[in-house]
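Visitor: Here is a sequence with its predicted model. Questions after.
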Amino acid sequence: MPQVPKPVIGLAVLAIVGGAGWYATRPSAEAGWLGYVEAETLYVASPVSGRLATRAVDRGAAVAAGAPLFSLDPETTDADTARIEAQVAAAEAQAGDLSAARQRAPEIAVSRAAEAQAAAQLTKAQNDYSRISALAGRGFASRAQLDAARAARDAAVAALAQTRAQIASGQISAGRSEQIAAARAQVSEAEAALRGQRQRRREIAPVAPARGVVEQTFYNPGEWVPANSPVVSVLPDDKRKLRFYVPQDRIAAVRPGMTVRYTCDGCGAARQARVSYVSPRSEFSPPVIYSETARAKLVFLVEALLPADTRPLPPGLPVAVEPL
């Protein structure tokens, strides 16, 4: 039997030792659950079509909450707003006219002067009647004089009542109660239309709904934008999460609300996130996280919310997750 050279034996020993070392130190399937960072994109659009007048942001720009994003040409919208404002003014004027008194203030002043005159005449007629009544009782005035004084007093009472009725009639509103109610309803309708139009004016010039980064812009100034078509997409800083996959033999220990620890390249020390969703259905490991220790393994998707950060992790960044 030929003798094996010592160098060959040495190489074989080194290969065996190296293989054993690799096997002992290879990544374990239990070392971490693989996943990546995901962001919830906000697509900002206008509910009406129009020409894009301005776009205040570019792709990759950081925006604060409430910062202007873009604006459609406001000429048509502003014209509609002015038209509805005129309708509100007309409806209010009509309602005010129907609610106002039939007579104007100077006319009512004339009626009040006539009332004062009628009251003075009534006082004089009442005094004359009282005096003649006393004289007639002592036989110094005839019955005809007494009857004339009584008639003059009654006429003065009727004249005063007529003047006061004219004043009351002049103070009654020009429209009936039903007409006034209809006019006020028209005012409410016009005001509601104006509120809707002003909201539409704000919607054609939207602002950033949250602090974040502009992911993409879809139209340039001067282009025609269809209704409800996104013009800008924003990645909010506070809408980042982890999407990772837990093997079927470990999923029972994972539940919403629990805290997990994760690491990623360039992240420094391990960080924490809170589990928000556990998929009720299993799946095979997605190709994006294939590895030597996780290939076509039955797994469950789990999502964990990331706390708001001034330097949020970029979407797609691979992470390794493990329970605390």
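Guide: Good, I have the coordinates. Numbering: from 1, shown residues only.

Visitor: mind listing the helices for the stretch 101-250 of the chain?
Guide: If DSSP state H, counting those that start in this stretch is used as the criterion, the helices of the stretch 101-250 of the chain fall at 105-137, 143-171, 177-203.

Visitor: Next, format those helices as TSV and append mean pLDDT, mean neighbour count and distance to Cys264.
Guide: Using the backbone N, CA and C atoms, a C-beta is placed for each residue, glycine as well. Shown next, in TSV, are the helices of the stretch 101-250 of the chain (pLDDT from 0 to 100; neighbours: other C-beta atoms under 10 Å; distance: least, C-beta to C-beta, whole Å):
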stretch	mean pLDDT	mean neighbour count	distance to Cys264
helix 105-137	83	14	80
helix 143-171	81	15	81
helix 177-203	90	14	39
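
Visitor: and the nearest residue to Ala56 once chain neighbours are set aside, what does it touch?
Guide: Closest residue to Ala56 apart from its sequence neighbours, by C-beta to C-beta, 6 or more residues apart in numbering: Pro68 at 4.7 Å. Taking C-beta atoms under 8 Å, 6 or more residues apart in numbering, we find Pro68 in contact with Ala56, Ala205, Val207, Ala208.

Visitor: I'd like the mean pLDDT over stretch 286-302, please.
Guide: For stretch 286-302, mean pLDDT is 74.

Visitor: May I have the distance across it, first residue to last?
Guide: Stretch 286-302 has an end-to-end distance of 13 Å (criterion: C-alpha to C-alpha, to the nearest Å).

Visitor: on that earlier part again, among the contacts of Pro68, which one sits closest to Ala125?
Guide: Ranked by distance to Ala125 (C-beta to C-beta), the contacts of Pro68 are led by Ala205 at 75.7 Å.

Visitor: Report the spatially nearest residue to the closest one, omitting neighbours in sequence.
Guide: Spatially, and ignoring its direct neighbours in sequence, Ala205 is nearest to Ser71 (3.9 Å; C-beta to C-beta, 6+ apart).

Visitor: Which strand residues bridge the one you found?
Guide: With DSSP bridges as the criterion, Ser71 is bridged to Thr54.

Visitor: Cool, thanks, talk later.
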